[in-house]
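Enquirer: coordinates for the following, if possible.
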Amino acid sequence: MAWIVDVAAVKTLLSSAEGTLELTEPAKDAVNTAVETVETSLAGECEGIATALSTLRTDVLVNDMTDTMTRGNNAIQGTGESVRAFQTMDAEMRDRAQSMSASVPVYGPPAPGGVPSSMFNFGTRNRTVES
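Expert: Next up is the predicted model:
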């Protein structure tokens, strides 16, 4: 299985998602404040509605939205870590391949008088040449 990761595209997408997620915190706070203001204005007169709004605000607007934002942040951070690990391993494999290929002896064209049997004869494409 081949893994092809467009690192630049993933980083752009993660940056965009992170920016969008950052916008949700002030929006959540604004909605929380607005509902809390309505709760306060209803206290004493419509206690049932105020209690229902309080439950809605704490259970849904604060807790659920915070959980959703945390999960979104975790997904962004985890994906970023995965891409960095992919880049690190890609660089390690590249460096290992370069190191191993540099250690392979390279022979030039056959010398006059023949090629030792342990060498490849580039002219005849034979693996070895009999001495």
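
Enquirer: pull the number of nearby residues for D67.
Expert: The number of residues packed near D67 is 10, by other Cβ atoms under 10 Å. The C-beta positions use only the backbone N, C-alpha and C, and glycine is treated the same way.

Enquirer: equivalent analysis for the one 5 residues further on, please.
Expert: Close neighbours of G72, defined as other Cβ under 10 Å, add up to 15.

Enquirer: now the one 4 residues further on
Expert: A count of neighbours around I76, defined by other Cβ under 10 Å, yields 18.

Enquirer: may I see the buried residues of the helix ranked longest in the chain?
Expert: The longest helix of the chain (DSSP state H) is helix 65-102. Buried residues in helix 65-102, counted by 16 or more other Cβ atoms under 10 Å: 65, 76, 83.

Enquirer: mind listing what the last one touches?
Expert: Which is V83. Listed by Cβ atoms under 8 Å, 6 or more residues apart in numbering, the contact set of V83 reads 5, 7, 10-11, 14.

Enquirer: what about this protein, any weak spots by pLDDT?
Expert: 1, 106-131 (pLDDT under 70).

Enquirer: what angle do the helix or strand S16 falls within and helix 65-102 make?
Expert: Taking DSSP states H and E as the criterion, S16 maps to helix 7-42. Per axes from the mean of the first three to the mean of the last three Cα atoms, to 10 degrees, the angle that helix 7-42 makes with helix 65-102 is 170 degrees.

Enquirer: which strands or helices does helix 7-42 pack on?
Expert: Using 3 or more Cβ pairs under 8 Å, 6 or more residues apart in numbering; DSSP states H and E, the elements in contact with helix 7-42 are helix 47-55, helix 65-102.

Enquirer: quick one: those helices as JSON lines, columns for distance to K28 too.
Expert: Shown next, in JSON lines, are these (distance: least, Cβ to Cβ, whole Å):
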{"stretch": "helix 47-55", "distance to K28": "16"}
{"stretch": "helix 65-102", "distance to K28": "5"}
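
Enquirer: so which of these is nearest E18?
Expert: Of all these, it is helix 65-102 that lies closest to E18, at 5.4 Å by Cβ to Cβ.
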